[in-house]
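*Asks:* What shape does this take:
(2 chains)
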Amino acid sequence: MTTTTHTPALPRRAGRGTRLVRRTQASPMAYAFLVVVLLGSGFPLWWSFVIGSKDSAAIVQDPYSLVPGGHFLQNASTVVTTIPFWKALGNSVLVSTTVAALVVLFSALAGFAFAKLRFRGRNGLLVFVIATMAVPTQLGIVPLFIVMSTLGWIGSLWAVILPSAVSAFGVFWMTQYLQEALPDELIEAAQVDGASTLRTFWSVALPAARPGAAMLGLFTFIATWTNFFWPFIILDPGNPTLPVALQQLQAAYFVDYSLVLAGVVLMALPLIVLFVFAGKQLVSGIMQGAVKG
Amino acid sequence: MSIQSPSQSPSQPASPSPSLATSTPGAEAPAPVDRSPITPRAGWRRRLTRVDEKASPYAYVSPFFILFGVVGLFPLLYTAYVSLHRWSLIGGQGDFVGLKNYADVLAQPYFWNALKNTISIFLLSSVPQVIAALLIAAALDSGLRGRTFWRMGVLLPYVVAPVAVALIFSDLFGDKFGLVNHLLGLVGIDPVQWHKEVLPSHVAIATMVNFRWTGYNALIFLAAMQAIPRDYYEAAMIDGAGRVRTFFSITVPQLRATIIFVVITSTIGGLQIFDEPRMYDQYGLGGADRQWQTLTLYLYQLGWTQKNFGRAAAVAWMLFLVVVLFALLNFLVTRRIASKGQR
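*Replies:* Okay, here's the model as predicted:
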């Protein structure tokens, strides 16, 4: 029972009994470490507010002060008039909401079929869906641009919405979710009652899928809201989404960082508000997805 | 009574064909076929139900497959076609030139520079990130008070757009008046030229990626850690293993599949990195001497600045190969590392 030989690097602090208890209670070290991590994840946001609330004179005077200045509203109003901010905000809301709704609808439909209906080729198609999750579709931008150009959709929000409206991950997620959340008996009962499969989907599967669908919608909304590469390529400067507008702001005001970071705050704010209300769901969504994936 | 064999009653009544019965193995066959109340229903209705059951699954999965084909698969394959032609953003398709675009790109030092930068930034972001995420997950898994608060706290950066993150960190890593250089100065380190030198610029960009994704991945690891049976830890503790030892001998090997998943996902995303290097300065070319120009940034420059779609498509295809290659490599390497402690 010379237990110490296994752990030469560690000083023995206490007997076995105490250790078993200690596992269920976090050590002060864990708290200290996490406090540092949280400071790290919050600080850059605080910093952008600090800089975004000063005028350039104040920044020159004391560039490293962590206390915000009083110019945020002034900076914000300059930002709003320099770039088409309200237009960008409206576009971002429109695009993100539409994409989230479409992804949830298409994924729930396909997930319902994969999870609860029998059809020839089901397994093969599902494997195909899973395989496409690993395909870097972003690399198809050259032909995608050619297609959009042929359709005359350059600058149109549809050119942003449509490519994002398809999500292999979403189909996979909803398939997994419905397999667990929707008992076969419910489907069978609906069929006994003579419901068509579409009716079964609408009245039985969709209500059961609601929590999973809400999470998928939330993640899709965030991903679309923060998306930059493709909108940057396809949208006109006069009709941007928020990330694209932020790039315009940077191009216009690179020397004046207080304005750029005030714009960053304006842009980050909606999602931070969303995070305050839905952060818990995001956490459990990631953790559920991890267990299943 | 309907609980006994509910799966058969809707499709089977009065149907003489045995094919349907064989397709539902769960319930027993000699069910009350004759007593079913649906028997007298009209034939057309039954046929309609059968058509519905046969065809509708395909209808439900088709929006995904059609759309994916149009906006995902087709562009990817068509990239190969474009890459074999002279093709301009403005003039459109030109002559077939075979592999000339590939040869041209491969002959450019800029391509190799971009490849090097991409891999360097990727390594600087993925390796420390996975390690940090594992440590954070272990801390989150240690029976904290107010665990929702801590979990939400580490996830906060995820909701900040990469574009915004890049602008914030570009300021923090300012060459002259940046906060990072100021702090380095306090401990006696000379200012680093974050926007001029190659490696420092890669470190700055990798920091942006790590900032946004470490907490997200920590939560994935946390979920997997919580699925590890607690008896393993108790057995290890009885054997006298300490926390560090337990972490490396039990936690890490048990997380093998999850680590592979996280590494492969971050490989696919990391090698295509665009937003952060694009926004690191206002010109968006990846630095005056292309110090931090990544492959996607190079692709963008070829296609939309030089308007040479043929070459841009060639770069896209090669980047695709790099991604696949790295994903495979990662898979093999992580599997070996993670399984080392398992024996």
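
*Asks:* Run the chain-centre distance for stretch B:322-336.
*Replies:* The chain centre lies 14 Å from the centre of stretch B:322-336; the measure is Cα atoms, centre = their mean, to the nearest Å.

*Asks:* which parts of that stretch are buried?
*Replies:* Residues B:322-324, B:326-327, B:330, B:334 are the ones in stretch B:322-336 that count as buried (16 or more other Cβ atoms under 10 Å in any protein chain shown). Bear in mind the C-beta positions are built from the backbone N, C-alpha and C, glycine included.

*Asks:* So which of those reach chain A?
*Replies:* B:323, B:327 (Cβ under 8 Å from any Cβ of the partner chain).

*Asks:* Going along the chain, name the helices of the stretch 101-250 of chain A.
*Replies:* Along the stretch 101-250 of chain A, counting by DSSP state H, counting those that start in this stretch, helices occupy A:122-132, A:141-151, A:157-164, A:168-181, A:184-192, A:197-200, A:206-226, A:229-234, A:242-253.

*Asks:* Tabulate those in a markdown table, adding columns for distance to chain B.
*Replies:* A markdown table is the format used below for the helices of the stretch 101-250 of chain A (distance: least, Cβ to the nearest Cβ, whole Å):
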| stretch | distance to chain B |
| --- | --- |
| helix A:122-132 | 6 |
| helix A:141-151 | 4 |
| helix A:157-164 | 4 |
| helix A:168-181 | 5 |
| helix A:184-192 | 4 |
| helix A:197-200 | 4 |
| helix A:206-226 | 4 |
| helix A:229-234 | 5 |
| helix A:242-253 | 4 |
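
*Asks:* With mean pLDDT added, can I get the ones you listed in JSON lines?
*Replies:* Shown next, in JSON lines, are those (pLDDT from 0 to 100):
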{"stretch": "helix A:122-132", "mean pLDDT": "90"}
{"stretch": "helix A:141-151", "mean pLDDT": "93"}
{"stretch": "helix A:157-164", "mean pLDDT": "95"}
{"stretch": "helix A:168-181", "mean pLDDT": "92"}
{"stretch": "helix A:184-192", "mean pLDDT": "87"}
{"stretch": "helix A:197-200", "mean pLDDT": "88"}
{"stretch": "helix A:206-226", "mean pLDDT": "94"}
{"stretch": "helix A:229-234", "mean pLDDT": "96"}
{"stretch": "helix A:242-253", "mean pLDDT": "92"}
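
*Asks:* Three-state assignment for the residue of chain B found nearest chain A, please.
*Replies:* Going by Cβ to the nearest Cβ, chain A is nearest to B:Gly240 of chain B, at 2.5 Å. Here B:Gly240 takes the coil state, with states given by DSSP: H, G, I helix; E, B strand; the rest coil.

*Asks:* What's the local residue count around it?
*Replies:* 18 (other Cβ atoms under 10 Å in any protein chain shown).

*Asks:* Of the buried residues of stretch B:322-336, which belong to helices?
*Replies:* With DSSP state H as the criterion, helices contain B:322-324, B:326-327, B:330, B:334 from among the buried residues of stretch B:322-336.

*Asks:* quick one: which of these is nearest A:Gln138?
*Replies:* A:Gln138 has its nearest neighbour among these in B:Val323, at 9.9 Å by Cβ to Cβ.

*Asks:* these two touch, right, that closest one and A:Gln138?
*Replies:* No. Taking contacts as Cβ atoms under 8 Å, B:Val323 lies outside contact range of A:Gln138: 9.9 Å.

*Asks:* any shared contact partners between those two?
*Replies:* Residues touching both B:Val323 and A:Gln138 (Cβ atoms under 8 Å, 6 or more residues apart in numbering or on different chains) are B:Gln272.

*Asks:* I figured A:Pro231 hits A:Leu246, correct?
*Replies:* No. Taking contacts as Cβ under 8 Å, A:Pro231 lies outside contact range of A:Leu246: 11.2 Å.

*Asks:* of those two, who's got more company?
*Replies:* Ranked by neighbour count (other Cβ under 10 Å), A:Pro231 and A:Leu246 place A:Leu246 first, with 28 against 23.

*Asks:* Identify the residue spatially nearest to the more buried one, adjacent ones excluded.
*Replies:* Closest residue to A:Leu246 apart from its sequence neighbours, by Cβ to Cβ, 6 or more residues apart in numbering or on different chains: B:Val163 at 5.2 Å.

*Asks:* what does the domain assignment say about chain A?
*Replies:* For chain A, automatic domain parsing gives the domain ranges A:3-71, A:83-253.

*Asks:* Go through these and pick out the most buried.
*Replies:* With neighbours defined as mean count of other Cβ atoms under 10 Å in any protein chain shown, the domains of chain A peak in mean count at domain A:83-253, which reaches a mean of 20.

*Asks:* B:Pro75: what's it in contact with?
*Replies:* With Cβ under 8 Å, 6+ apart, B:Pro75 has these contacts: A:137, A:140-144, A:147.

*Asks:* could you redo the last one with a cut-off of 6 Å?
*Replies:* Shown in contact with B:Pro75 (Cβ atoms under 6 Å, 6 or more residues apart in numbering or on different chains): A:140, A:143-144.

*Asks:* Quickly name whichever of these is closest to A:Ser53.
*Replies:* For the contacts of B:Pro75, the nearest to A:Ser53 is A:Leu144 (40.1 Å; Cβ to Cβ).

*Asks:* Do I have it right that B:Gly94 meets B:Arg86?
*Replies:* Yes. Here B:Gly94 reaches B:Arg86: they are 3.3 Å apart, a contact under Cβ atoms under 6 Å.

*Asks:* what about the two, which has more around it?
*Replies:* B:Arg86 (18 against 12).

*Asks:* residue closest to the middle of the chain?
*Replies:* No chain specified, so I'll use chain A. A:Ile222 (3.4 Å; Cα atoms, centre = their mean).

*Asks:* Wait, chain B was what I had in mind.
*Replies:* By Cα atoms, centre = their mean, the mean C-alpha position of chain B lies nearest to B:Thr265, the distance being 3.2 Å.

*Asks:* what about it, is that helix, strand or coil?
*Replies:* Under the three-state scheme (three-state DSSP), B:Thr265 adopts helix.

*Asks:* And it, how far from A:Ala134?
*Replies:* Relative to A:Ala134, B:Thr265 is positioned 8 Å away (Cβ to Cβ, to the nearest Å).

*Asks:* thinking again about what came up before, right, and the helices of the stretch 101-250 of chain A - which one's nearest A:Lys87?
*Replies:* Checking those against A:Lys87 by Cβ to Cβ gives helix A:242-253 as the closest, at 8.1 Å.
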